[in-house]
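*Asks:* I would like the atomic coordinates for the input below:
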Amino acid sequence: MTIITISSREFNQGVSEAKRAATNGPVFITDRGRPAHVLMSFEEYQRLTKQRRNIADALAIPGITDIELEPPRVTIETRAADFS
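*Replies:* Reported below is the predicted structural model:
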C-alpha cells in the first residue's frame, strides 16, 4: 500500500490525480503542513468501517418475520437455601 501526502493546494489543483492515487492507497491531504484529511477508495472505506452485525441489526432484516422461532419453555424452580 502506497501512502501519498499532498497539500490542500495541490489537491485543489489536481483532484483527478489524487483520486487516481487513492486507488493504490490513502492520500493524506495537509493544511499548513499538518494532516487534515484522508482520501481513499470507497472499497477501502467499506473494508475499514465494516462492523459485525449485532442482534438488533439481525432482527431488523426485511423478511425476518418469515422465519419461525419457537424456543423451548424453561421452568425455573426455587429451592430452600442450605446454610449448614
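
*Asks:* who does Val38 bridge with?
*Replies:* Phe28 (DSSP bridges).

*Asks:* so what's the residue nearest the centre of the chain up against?
*Replies:* Closest to where the C-alpha atoms of the chain average out (Cα atoms, centre = their mean) is Thr49, at 1.8 Å. Applying Cβ atoms under 8 Å, 6 or more residues apart in numbering to Thr49 gives no contacts. Just so you know, the C-beta spots here come from the backbone N, C-alpha and C atoms, and that holds for glycine as well.

*Asks:* So for it, what pLDDT did the model give?
*Replies:* Thr49 carries a pLDDT value of 82.

*Asks:* What separation do you get for it and Val15?
*Replies:* The gap separating Thr49 from Val15 is 23 Å, by Cβ to Cβ, to the nearest Å.

*Asks:* what bits of the chain have low per-residue confidence?
*Replies:* Residues of the chain meeting the criterion pLDDT under 70: 51-53, 57-59, 61, 63-65.

*Asks:* That one: strands as residue ranges?
*Replies:* 4-7, 27-31, 34-39 (DSSP state E).

*Asks:* Give the buried residues for the second one.
*Replies:* Burial within strand 27-31, assessed by neighbour count using 16 or more other Cβ atoms under 10 Å, is assigned to Val27, Phe28, Ile29, Thr30.

*Asks:* Can you list the residue ranges for helices in the chain?
*Replies:* 8-13, 15-22, 42-49, 55-59 (DSSP state H).

*Asks:* So what touches the second one?
*Replies:* Going back to what we said before, that points to helix 15-22. Thr2, Ile4, Ile6, Glu10, Phe11, Val27, Ile29, Leu39, Met40, Ser41.

*Asks:* Counting neighbours, show which residues of that helix come out buried.
*Replies:* Ala18, Ala21, Ala22.

*Asks:* And it, how far out from the chain middle?
*Replies:* Here helix 15-22 is found 23 Å from its chain centre; the criterion is Cα atoms, centre = their mean, to the nearest Å.

*Asks:* export it as PDB, just CAs?
*Replies:* In PDB, the C-alpha atoms belonging to helix 15-22 read as follows (Å, rounded to 0.1, in the frame of the first residue of the first chain):
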ATOM      1  CA  VAL A  15      -8.200  16.300  -7.900                       C
ATOM      2  CA  SER A  16      -8.100  13.700 -10.700                       C
ATOM      3  CA  GLU A  17      -4.500  12.800  -9.900                       C
ATOM      4  CA  ALA A  18      -5.400  12.500  -6.200                       C
ATOM      5  CA  LYS A  19      -8.300  10.200  -7.000                       C
ATOM      6  CA  ARG A  20      -6.200   8.000  -9.100                       C
ATOM      7  CA  ALA A  21      -3.500   7.800  -6.400                       C
ATOM      8  CA  ALA A  22      -6.200   6.800  -3.800                       C
END
